Every structure is written in structure tokens, then in C-alpha cells.
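Participant: Provided below for reference: sequence and predicted model.
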Amino acid sequence: MTQVPILTYHANNINGMDYQNNDHVALAADLKMIHELGFNIITMDELVSWHSGDASDSVVKHAVVLTCDDGTDFDYHDLDHPHCGWQRSFFNILKDHQARTGARLHMTNFVIVSPEARVTLDQKCLIGKSWWQDSWWSAAQASGLMDIANHSWDHNHGVLENNNHNDDSFRCIADKAACDQQIKQAQEFLDQHILGDYQSKYFAYPYGNHSDYLRFEYLPEFGKGLNLKAAFSTEPKHVNRDTAIWGMPRYVCNNDWHNTEQLKDILLQA
Ligand SMILES: [Zn+2]
């Protein structure tokens, strides 16, 4: 059966300059390996269109889809990390690789949407240098290289003082009001703030988990009305045509694989 892996990276995973502690180092190495292996990087739109039967298997042959989560400035801007030095942004790593190889490239970036939440997260979880901005979203989207997508209003993050229970989980987002607040509000903000011909289409569950209500009731009932086409977990599996659209699996860098050899093993399952 034809199947496609979706890979996920976190640009704020910077704890050194080795593959295992820095997703920037990992992404650059993985792109090189993926290219040498002869795999194609396709867009999420291409994957979803194949999944829904609107594109043939040839579109996804030897294909992989790239995503990243949380939307810090490390995704887009090169920044001088106070402990680890200059970090090439994910966006510029893609551009470097494209300039070197001419390969088609694309990454879908699931951003945390709430401006207030990003200010607090920047202070409490990042470095406190205001490196969780939305000023680059429109440029990333317009580039054709990095699409912006919905990673919820505030990630229901444990350091925030709103509706979370300090348990770093999205499972308590379990009624209509909470889902509207996290997902609908984020969809509307993205549509209003990203310039050009843009509509938010994809949602990634924060922490990769969800309540039964969100996954099996809210999204099936209201997802299409919110213009959502699919939702993504962090279950480490490939996507095939039987995969449920509200439970698309993804592999996570430095969780499900820790070097290019392990990623190669994942890719060659396809
Ligand atoms: Zn996240």
C-alpha cells in the first residue's frame, strides 16, 4: 500500500550543536540524506489531495512531507542563541538546500497564534528576547517555501494562566466553547493577519494529543466549516489513503528518530 511519512521539527530545540540536541543541525543533515536517497519533498496540499483521491499515487511516490511546530522566530530568522551561537533558521536551511540542489522544497509551520500567549511563552520558555513574533508569517507564506498553519490559540500551555490545568496536555480541551476558543479563534486570527490569498487549512494538536470530543465530534462536525482539511497528531506512523483526516500521524525529530540512519529506516518503510 502506498504510504507517506510526515516529519516534524522544533526550531526551539537548541541545546547544543549536535544532531541529537539541535533540530537545525538535524534538518540540514536530513535534507541532504533525503535528497541523496532520491526522495521528493511534497507539499501538505499535495499529500491531502492524494489522500482524498484527487491525485494519483505517482504524486506521493518516494515522497516525504515536512512540518515544524510552535512558530518561534528560529523558524524564520537566523538568530544568535545566547549559549549555542548563531542558528541558521529552518527557512534559510530550506533556501540553502534549494540553492545547492535545485530540489523542490516545502514545509508547513504550525504556529501558536495568540500574541499574548507568545509574549508569555517567550519569557517563560524561550530566552525572553521577543523571539516569538508573527511579523514574518506573511513573508513565509508568500515565499511558497513555508506555509503557516494552526497549532491552536495558546497551546493550552502549562505556564499560561488561562484554562489549562498545568498538565501540558490538550486533552482537557473537551467542549464546544474550549474548542472554539483554541481552534476557531486561531483560524480567524490567521486568516485576518496573513496577507495575500491565504486561508488556514491545517491544525496540529498541541502535545500531539486531544480529547475524544475534539477529535471525534468537534472536528468532524465543525472542521470543514472552519475551512480545515486535516488535523495532525504525533503518532509515529505513515499516512495512507485509509488514514482518518482528523488523525493524520507524524514522526517527530529527536523523538522518533535521532540520526539520519534512523530516518532512512523510516523513509524506506514506504
Ligand atoms: Zn507544540
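Facilitator: Happy to help now that I have it.
Participant: what helices or strands is the longest helix anywhere in the chain leaning on?
Facilitator: Counting residues, the longest helix in the chain under DSSP state H turns out to be helix 23-36. If contacts are counted by 3 or more C-beta pairs under 8 Å, 6 or more residues apart in numbering; DSSP states H and E, helix 23-36 sits against strand 6-9, helix 90-101, helix 260-267. For glycine as for every other residue, the C-beta is placed from the backbone atoms N, C-alpha and C.
Participant: Name the residues that touch the shortest one?
Facilitator: Right, strand 6-9. Contacts to strand 6-9, defined as C-beta atoms under 8 Å, 6 or more residues apart in numbering, come from residues 23, 26-27, 30, 47, 64-69, 90, 232, 234, 239, 248-253, 263.
Participant: Against the ion, which of the residues you listed make the cut? List them.
Facilitator: Applying C-beta under 5 Å from the ion to these, one finds that residue 69 fall near the ion.
Participant: coming back round to it: neighbouring strands for the helix or strand just after the longest helix of the chain, and are they parallel or not?
Facilitator: Counting by DSSP states H and E, the element after helix 23-36 in chain order, helix or strand, is strand 40-41. According to DSSP bridges, strand 40-41 forms sheet pairs with strand 63-70 (parallel).
Participant: After the strand it pairs with, which helix or strand is next?
Facilitator: In N-to-C order, the element after strand 63-70 by DSSP H and E is strand 79-81.
Participant: What is the distance between that following strand and the centre of its chain?
Facilitator: Relative to its chain's centre, strand 79-81 lies at 21 Å (C-alpha atoms, centre = their mean, to the nearest Å).
Participant: quick one: strands adjacent to that strand?
Facilitator: In the sheet, strand 79-81 lines up against strand 85-87 (antiparallel) (DSSP bridges).
Participant: Any buried residues in the strand it pairs with, and which?
Facilitator: Neighbour-count burial for strand 85-87 flags residue 87 (criterion: 16 or more other C-beta atoms under 10 Å).
Participant: One more: stretch 196-204?
Facilitator: The neighbour-count check on stretch 196-204 (16+ other C-beta under 10 Å) flags 198, 200-204 as buried.
Participant: List just the nearest of these to the ion.
Facilitator: residue 204 (7.1 Å; C-beta to the ion).
Participant: all strands of the stretch 101-250 of the chain, in order?
Facilitator: For the stretch 101-250 of the chain, the strands defined by DSSP state E, counting those that start in this stretch occupy 107-111, 146-150, 202-204, 230-232.
Participant: What residues does the closest residue to residue 154 other than its chain neighbours make contact with?
Facilitator: In space, residue 154 comes closest to residue 117 once its chain neighbours are excluded; the distance is 3.6 Å by C-beta to C-beta, 6 or more residues apart in numbering. With contact taken as C-beta under 8 Å, 6+ apart, residue 117 is in contact with 153-155, 157, 160.
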